[in-house]
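Output the structure for:
(one chain, ligands or ions: 1)
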Amino acid sequence: MTVLSDTATEHHPLVDVARSLADKTLFPAAVEVDRSGKIPTEQLQALQDAGLYGIFSTEAVGGSNLSNEDRNLVIEALAGGCLTTAFIWQQHAGPASATALCEGEAHRYAAGLASGELRGGVAFAHLLRQGTPVLRAEPCSDGWQISGTAPYITGWGDVDIVLIAARWQDSIIWGIVPGIESATMSASMLELAAVNSSSTAVITFDQHLISSDDVTSVVSFDSWLEGYRMGLRANGSLALGVTGRCLSLLGPSELDAEYVTARQRLDTASVDDLPAARANASDLCMRAATMLVAASGGGAIAASHHAQLLARQAMFLLVQSQTSEIRHHQLTRSM
Ligand SMILES: Cc1cc2nc3c(=O)[nH]c(=O)nc-3n(C[C@H](O)[C@H](O)[C@H](O)COP(=O)(O)OP(=O)(O)OC[C@H]3O[C@@H](n4cnc5c(N)ncnc54)[C@H](O)[C@@H]3O)c2cc1C
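Next up, the predicted model:
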């Protein structure tokens, strides 16, 4: 894929590994993978074999500890290959970094997550929902009891563990739960119009015990939210990846310059400017996908055509990791 806005002079070698994997392995299979309803295990294994599960972990636990810039380029490359595969893999970042940084017993998961031998998912976006928390924690003698619903857990069936976030008063309890159902944890798979092969489930918890050994941290909601606002940059790379793929299929177009600008905006935005830069990236992604559909004619609507797949992926990226602020910019078109 032509990388139109690759301004950095030097990258970690894993960036090129990800680009090659995206072009040679992920993209050629993307339509079939989308239609099959399930990511082939070999595809996740290919990411593991390439060392890409380790990019979110510190070197101390066996990870490659990539810089944020290189990490974003890897996310972008993989998203341009197969967004669904990239999305499942990206969830690994949560448990990999949380357990690597944790000083308690939950640190025992970190080495397995860094190698990819252990695969992780995460459920935290519900923390941003308005109103009564959907997933709640109560202290008990052995740790915390979790009740309520985690509305989205991607990679269900592909992951061994899930890092979940539950509210208790003004705090968030972060802890590890197994990636399998039990008497206190039940899963229901979602049927989706895009990224359906992401194996995304709703998980319902009924007084599920997270023992103290599996708690990675307890933090105040306000301090987490501040950190989350700062971390909004990374998900913008999913939109850049899909945009880049659309543009490379289109050939030279007037959107090429906007693509360069969209990445620069994401890279240089202050925390307060990031929501508008994210809204801009997902809007550009929609327009690039729309242009590709238009340029492809009626054939674009065939289930076997990349254009319809990329357009549905762009639609998903309008809401993926959406925050109130991003949504505001999208709805008022102030980007
Ligand atoms: C297929 C899929 C897979 C996903 N996988 C995961 C996963 O594995 N892990 C995970 O943690 N998350 C996951 N998510 C969640 C995702 O990252 C987003 O958080 C989600 O798509 C946003 O929608 P929502 O339904 O959670 O929130 P919504 O209720 O739609 O709200 C989105 C944002 O807008 C704000 N908002 C809503 N209504 C208003 C209003 N009236 N005024 C102002 N602001 C408002 C909310 O506070 C929130 O910040 C997934 C989502 C999808 C669709």
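
Can you get me the centre-to-centre distance for the helix or strand hosting residue 18 and its chain?
Element membership for residue 18 (DSSP states H and E) is helix 13-21. Distance, stretch centre to chain centre, for helix 13-21: 18 Å (Cα atoms, centre = their mean, to the nearest Å).

How about exporting that helix as CSV, limited to the C-alpha atoms?
Taking Å, rounded to 0.1, in the frame of the first residue of the first chain, the C-alpha atoms of helix 13-21 are listed here in CSV:
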residue,chain,number,x,y,z
PRO,A,13,11.6,-2.6,12.1
LEU,A,14,8.2,-3.9,13.4
VAL,A,15,6.5,-1.1,11.4
ASP,A,16,7.8,-2.6,8.2
VAL,A,17,6.9,-6.1,9.4
ALA,A,18,3.3,-4.9,10.0
ARG,A,19,3.1,-3.2,6.6
SER,A,20,4.3,-6.3,4.8
LEU,A,21,1.9,-8.6,6.8
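
got the buried residues for it?
By 16 or more other Cβ atoms under 10 Å, the buried positions in helix 13-21 come out as 14-15, 17-19, 21. No exception for glycine: its C-beta is placed from N, CA and C like everyone else's.

before we move on, what about stretch 45-63?
For stretch 45-63, burial by neighbour count (16+ other Cβ under 10 Å) applies to 46-48, 50-58, 61-63.

Nearest to the ligand, out of those residues: which one, please.
residue 56 (14.6 Å; Cβ to the nearest ligand atom).

pretty sure the closest one is touching residue 68, no?
No - contact criterion Cβ atoms under 8 Å: residue 56 and residue 68 do not qualify, at 11.0 Å.

Nearest to the ligand: which residue in the stretch 201-335 of the chain?
Closest point on the stretch 201-335 of the chain to the ligand, by Cβ to the nearest ligand atom, is residue 324, at 3.6 Å.

wait, that residue sits on residue 128?
Yes - counting by Cβ under 8 Å, residue 128 is a contact partner of residue 324 at 7.3 Å.

and the two? which has more neighbours close in?
residue 128 (12 against 9; other Cβ atoms under 10 Å).

Report pLDDT for the more buried one.
According to the prediction, residue 128 has pLDDT 96.

that older thread, lowest pLDDT pick from the buried residues of stretch 45-63?
Lowest in pLDDT among these is residue 58, which has 93.

re earlier: may I ask which two of the buried residues of stretch 45-63 are separated the most?
Distances among the buried residues of stretch 45-63 were taken as Cβ to Cβ; the most separated pair is 46 and 58, at 23.7 Å.

domain assignment for this protein?
Following automatic domain parsing, one finds the domains of the chain at 13-100, 120-220, 226-332.

Would you mind finding the most buried of those domains?
Ranked by mean neighbour count, these are led by domain 13-100 with a mean of 21 (mean count of other Cβ atoms under 10 Å).

helix/strand/coil for residue 222?
For residue 222, the secondary-structure state derived from DSSP: H, G, I helix; E, B strand; the rest coil is helix.

Please apply the same query to residue 252.
coil.

before we move on, what about residue 139?
The local conformation at residue 139, judged by three-state DSSP, is strand.

who touches it in this structure?
Contacts for residue 139 were tallied using Cβ atoms under 8 Å, 6 or more residues apart in numbering; they are 145, 168.

next one: phi and psi at residue 174?
Residue 174 has phi and psi values of phi -110, psi 130 when expressed as degrees, to the nearest 10.

ok, the buried residues of helix 13-21 vs the ligand, which is closest?
Comparing the buried residues of helix 13-21 against the ligand with Cβ to the nearest ligand atom places residue 18 closest, at 20.4 Å.

what about residue 326, helix or strand, and which?
Taking DSSP H and E as the definition, one finds residue 326 inside helix 324-332.

Dihedrals phi and psi, residue 305?
Torsion angles, degrees, to the nearest 10, at residue 305: phi -90, psi 140.

helix, strand or coil for the residue nearest to it when sequence neighbours are not counted?
In this structure, residue 305 finds its nearest non-sequential neighbour in residue 299, 5.7 Å apart by Cβ to Cβ, 6 or more residues apart in numbering. Assigned with three-state DSSP, residue 299 falls in the helix class.
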